[in-house]
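Colleague: Structure of the sequence below:
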Amino acid sequence: MKSYEYFIKTERKYIDFLNKIFEAYEGVGIVRTLNADAGEIKIISIDTYREDIYNIISDLKEYGVVLEITKEGFWGGEL
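Modeller: Got it, this is the predicted structure:
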């Protein structure tokens, strides 16, 4: 099991909502805001939750939340 991270571009208005969604999924991922004005966040998780993260993101998109994974990979060690 290795740590994995997703860099996500969204709209500023969705950042708090996304944080609350991932908090509700207890342990699936931690949201970190990189640049609120630019809508850049990072979700840190573990590689075994990759499918869960994709499913959550897909569901959110279906409900009209604008977000896109811009980069992903094994965690670089920075919060």
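
Colleague: Which residue, other than its chain neighbours, is closest to Thr48?
Modeller: Met1 (5.7 Å; C-beta to C-beta, 6 or more residues apart in numbering). From N, CA and C alone the C-beta is placed, and that goes for glycine too.

Colleague: What separation is there between the most centrally placed residue in the chain and Gly73?
Modeller: For the chain, the residue nearest the mean C-alpha position is Ile43 (3.6 Å; C-alpha atoms, centre = their mean). Note on Ile43: its distance to Gly73, by C-beta to C-beta, to the nearest Å, is 12 Å.

Colleague: Can you check which residues contact both of the two?
Modeller: Contact criterion C-beta atoms under 8 Å, 6 or more residues apart in numbering; residues shared by Ile43 and Gly73: Glu5.

Colleague: Which secondary structure element is home to Val28?
Modeller: Taking DSSP states H and E as the definition, Val28 sits outside all helices and strands.

Colleague: could you dump the host helix or strand of Thr70 to CSV, C-alpha only?
Modeller: In the assignment (DSSP H and E), Thr70 maps to strand 67-74. Output of strand 67-74 as CSV, limited to C-alpha atoms (Å, rounded to 0.1, in the frame of the first residue of the first chain):
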residue,chain,number,x,y,z
LEU,A,67,-13.5,19.3,-11.6
GLU,A,68,-10.7,17.7,-13.5
ILE,A,69,-7.7,15.6,-12.5
THR,A,70,-4.7,17.4,-14.0
LYS,A,71,-2.0,15.1,-12.6
GLU,A,72,-1.8,12.0,-10.5
GLY,A,73,0.8,9.7,-9.2
PHE,A,74,2.5,8.3,-6.1
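
Colleague: in its sheet, what does that strand sit against?
Modeller: Strand pairing for strand 67-74, determined by DSSP bridges: strand 3-10 (antiparallel).
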